[in-house]
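Novice: this one's structure only:
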């Protein structure tokens, strides 16, 4: 055998018979990729379904008798159409059932909130929902094809008269292609479709079953490159416990808790424990460590855990056997037009049916009333029978809408003698009248197809819209800086002489608590400044004078510096802020000359300016060898400024004489009602200028008031805030609230007596239906009320300061009116005119100084004595 195989020439002949593999691989790969894209992963735009979903729904429709069916039976029925395993079909059924739109479920179908899986297919049951039966199926408008084995027929696409793709959402990964369309709100899709039919533009946004909050500012209509930020809803139960009530889309309670515990293990947040109380509703309790701020922890949860996730949509659908990328609004427009066309086809089909019924009813009436059936008694052949009937109908043929066919004549011969004998002309006419009325209505709807389509959508909204309101709150999210909200999970140490800084130098000098996300700033004796990422051990140069945490965009931290200029020998003084920096780059705070060095340095977190005493050397030629210098006499400039001359004589030492106060003035705090945060970036409404112990007063719709500090990490729920302003203990709070028990509006006036910060105090009645309607701290607040007196309404203006005296904050107050109050609104206070005697036209008046102008604070010649310039 081996000899035969090795005969000369055999190898050459086999080479001639070989087939190149390259072409085969290319064709096979393309075929496989096309199959996965078209038959498995990407939905068709017509019905929004993948093939497996479409086959499941078709199988359920064939099985439908109004009762529940075992899912195992549905899987078996679906396998007649779907050439894949039972596991994939079962998973697809569960996925459809959990969306609670097309399938009604019975049994344990799992929980998308917790990630629990469904019970085995033999234990759970399902049937088509009423919505699915009304919207998804119509054999008369369905295009059919043979199943994979040719034994059955299945729909190419289902005639869905609703934007099902956008309502359910879809996710699929194919070969070199993926799709991700987020679910949208049922009611909003219907309302948007109605607007499209009216010729208006729409913009639909996703809505998630799990609720939560979402920022769609970068949604990009669902196209590639877009992004949606989704957050859990976190509430403060008290200062020690946070509650998570709603979780982000695609996240389970288990995975969320795992991410929280991991963040805690890494030191990003500080918590004592996490308790999952999820049952009917989601509830995750987070117990905070002692001394930890709830507001900062909420920000940290969003920054370091799955309490905030980012979703990247990618709307891709199949149109005419090709994948196409469309916006969600384009998909909605396509589905709306398709629905209109399907409704038109249904009307045309119904019109044809009615016309056929009218035709046969007319034929039957003529056949019986004119006793044409008697003409066939003499006929001896079948053809003669048909001919006799046709002759009897001949006078009436011009009135028929179409030609009478042989099938029509045969149907007349099939009328039973019993029906002929009991034929009632009145009932026949009544039936024809009803058919004509319905035909008239169908013709009207065909002529007014847009109006008919709008009514169809409105009917869907009325029948199925209840309970499907938006669950996800649309919000604009603020940017959370991770380094700001990260818990201090490390300690910073420094070896000043050797120049090492880091978290691992535990035997050296302790600087402060820090986070492993922080940057550190160092200023050395040679006048060099450097910022670097915190590490275990980092060399930043010998003779370190200052080391601390560097906060980007901190416009309050100010350094007061006195240095020796190496060239001139003068002592220079300057005040500067670090500004923007590049990591690990050295910045020279002196003039950069050889021999320059730092003589005095302080870091002042709020721009404080101290007074120092300067001692000159004994050999100095100056008459006064000891003098004071006040840093508040010079401006704060950039770090690159050379500074002012302090003295041209050699300095022996510099000592602190008196601690200074801030020269920066207070912070202008603004409230951004869109995100519910305060800021110093001039976003939103100016609350006021804050210093030291100043507080913010917040009044909520719930009838609570709260005093808070002005930390930028504070959070306020914008939908609940009625009043937010700088707290003035002398101001009187005027409030009008609705008492749920008496169903009456009450008015009260009081002063804030509590001093506790970050604690809410309720100042209205504690009935669950009570709420705060109006609150003001104006001196003479006025409200306008629409009063119902019998059948008449009257508008009355009230001066609240005249209605009631100032009482305690716990007092109930007085009734606003004995009549029913329909509407209430606060009357805007009129701007008070400035008294003439207060006017000051002096050019030196502070009123003449415009915001943004610069005051010249540089030393003049006359000031040289004061500055010690001898």
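Specialist: Ah, there it is. Note that the structure is a prediction, hence the values are computed from the model and not measured.
Novice: strands along the stretch 451-600 of the chain, start to end?
Specialist: In the stretch 451-600 of the chain, the strands defined using DSSP state E, counting those that start in this stretch lie at 473-474, 490-495, 500-502, 509-514, 519-524, 528-533, 538-539, 544-550, 558-564, 571-576, 587-588, 597-604.
Novice: what does the last one rub up against?
Specialist: Put plainly, it is strand 597-604. Here strand 597-604 makes contact (C-beta atoms under 8 Å, 6 or more residues apart in numbering) with 523-527, 545-546, 548, 557-564, 566, 571, 589-590, 610, 612, 651, 654, 656, 660, 662. All C-beta spots, glycine's among them, are computed from the backbone N, C-alpha and C.
Novice: show the buried residues in those.
Specialist: The neighbour count (16 or more other C-beta atoms under 10 Å) marks 523-527, 545-546, 548, 557-564, 566, 571, 589-590, 610, 612, 651, 654, 660, 662 as buried among those.
Novice: what comes up buried for stretch 436-456?
Specialist: Within stretch 436-456, the residues that count as buried by 16+ other C-beta under 10 Å are 438-439, 442, 445, 452-454, 456.
Novice: run through the strands of the stretch 651-800 of the chain in chain order.
Specialist: Under the criterion DSSP E, counting those that start in this stretch, the stretch 651-800 of the chain contains strands at 651-662, 667-672, 677-679, 685-690, 696-700, 704-708, 721-726, 733-739, 744-750, 760-762, 771-776, 782-789, 792-799.
Novice: out of these, nearest to residue 202?
Specialist: The minimum distance between residue 202 and the strands of the stretch 651-800 of the chain falls on strand 667-672, with 27.9 Å, by C-beta to C-beta.
Novice: that closest one packs against which elements?
Specialist: Packing partners of strand 667-672 (3 or more C-beta pairs under 8 Å, 6 or more residues apart in numbering; DSSP states H and E): strand 677-679, strand 685-690.
Novice: so what strands line up beside that strand?
Specialist: Take DSSP bridges as the rule and strand 667-672 pairs in its sheet with strand 677-679 (antiparallel), strand 685-690 (antiparallel).
Novice: return the most buried member of the ones you listed.
Specialist: With neighbours taken as mean count of other C-beta atoms under 10 Å, those reach their highest mean count in strand 677-679, at a mean of 20.
Novice: surely residue 632 touches residue 662?
Specialist: No - using C-beta atoms under 8 Å, residue 632 is not in contact with residue 662; the gap is 9.6 Å.
Novice: between the two, what contacts are shared?
Specialist: Common contact partners of residue 632 and residue 662 (C-beta under 8 Å, 6+ apart): residue 609.
Novice: residue ranges with poor pLDDT in the stretch 401-550 of the chain?
Specialist: For the stretch 401-550 of the chain, the stretches with pLDDT under 70 are 482-487.
Novice: ok, which stretches of it are helices?
Specialist: Listed in chain order, the helices of the stretch 401-550 of the chain (DSSP state H, counting those that start in this stretch) span 406-413, 417-421, 425-447, 449-464, 482-485.
Novice: residue 806 is nearest to which of the ones you listed?
Specialist: That would be helix 482-485 among these, by C-beta to C-beta, at 40.6 Å.
Novice: how close does the residue most central in space within the chain get to residue 472?
Specialist: Geometric centre of the chain, nearest residue: residue 214, 0.9 Å, by C-alpha atoms, centre = their mean. Distance, residue 214 to residue 472, by C-beta to C-beta, to the nearest Å: 5 Å.
Novice: quick check: neighbours shared by those two?
Specialist: Counting by C-beta under 8 Å, 6+ apart, the contacts common to residue 214 and residue 472 are 206, 208, 230, 249.
Novice: farthest pair in those residues?
Specialist: Pairwise distances among these were taken by C-beta to C-beta; the largest, 8.9 Å, belongs to 206 and 230.
Novice: and the strands of the stretch 651-800 of the chain as CSV, adding distance to residue 201?
Specialist: Below are the strands of the stretch 651-800 of the chain laid out as CSV (distance: least, C-beta to C-beta, whole Å):
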stretch, distance to residue 201
strand 651-662, 53
strand 667-672, 29
strand 677-679, 32
strand 685-690, 32
strand 696-700, 37
strand 704-708, 41
strand 721-726, 33
strand 733-739, 39
strand 744-750, 42
strand 760-762, 43
strand 771-776, 36
strand 782-789, 36
strand 792-799, 38
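Novice: quick revisit: mean pLDDT and distance to residue 382 for the helices and strands packed on strand 667-672 - can I get that in a markdown table?
Specialist: Output for the helices and strands packed on strand 667-672, formatted as a markdown table (pLDDT from 0 to 100; distance: least, C-beta to C-beta, whole Å):
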| stretch | mean pLDDT | distance to residue 382 |
| --- | --- | --- |
| strand 677-679 | 87 | 90 |
| strand 685-690 | 90 | 93 |
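Novice: residue 374 is nearest to which of those?
Specialist: Comparison of the helices and strands packed on strand 667-672 against residue 374 by C-beta to C-beta identifies strand 677-679 as nearest, at 93.3 Å.
Novice: how about JSON lines for the buried residues of stretch 436-456, with distance to residue 697 added?
Specialist: What follows is these, written out as JSON lines (distance: C-beta to C-beta, whole Å):
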{"residue": "438", "distance to residue 697": "67"}
{"residue": "439", "distance to residue 697": "70"}
{"residue": "442", "distance to residue 697": "65"}
{"residue": "445", "distance to residue 697": "60"}
{"residue": "452", "distance to residue 697": "56"}
{"residue": "453", "distance to residue 697": "53"}
{"residue": "454", "distance to residue 697": "49"}
{"residue": "456", "distance to residue 697": "52"}
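Novice: check the residues you listed against residue 140 and report the nearest one.
Specialist: Closest approach to residue 140 among the buried residues of stretch 436-456 (C-beta to C-beta): residue 442, at 14.5 Å.
Novice: distance of the closest one from residue 454?
Specialist: Distance of residue 442 to residue 454, computed by C-beta to C-beta: 17 Å.
Novice: can you add distance to residue 758 and give the helices of the stretch 401-550 of the chain back as TSV?
Specialist: TSV is the format used below for the helices of the stretch 401-550 of the chain (distance: least, C-beta to C-beta, whole Å):
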stretch	distance to residue 758
helix 406-413	85
helix 417-421	87
helix 425-447	62
helix 449-464	44
helix 482-485	17
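Novice: which residues touch residue 554?
Specialist: Residues near residue 554 by C-beta under 8 Å, 6+ apart: 577-578.
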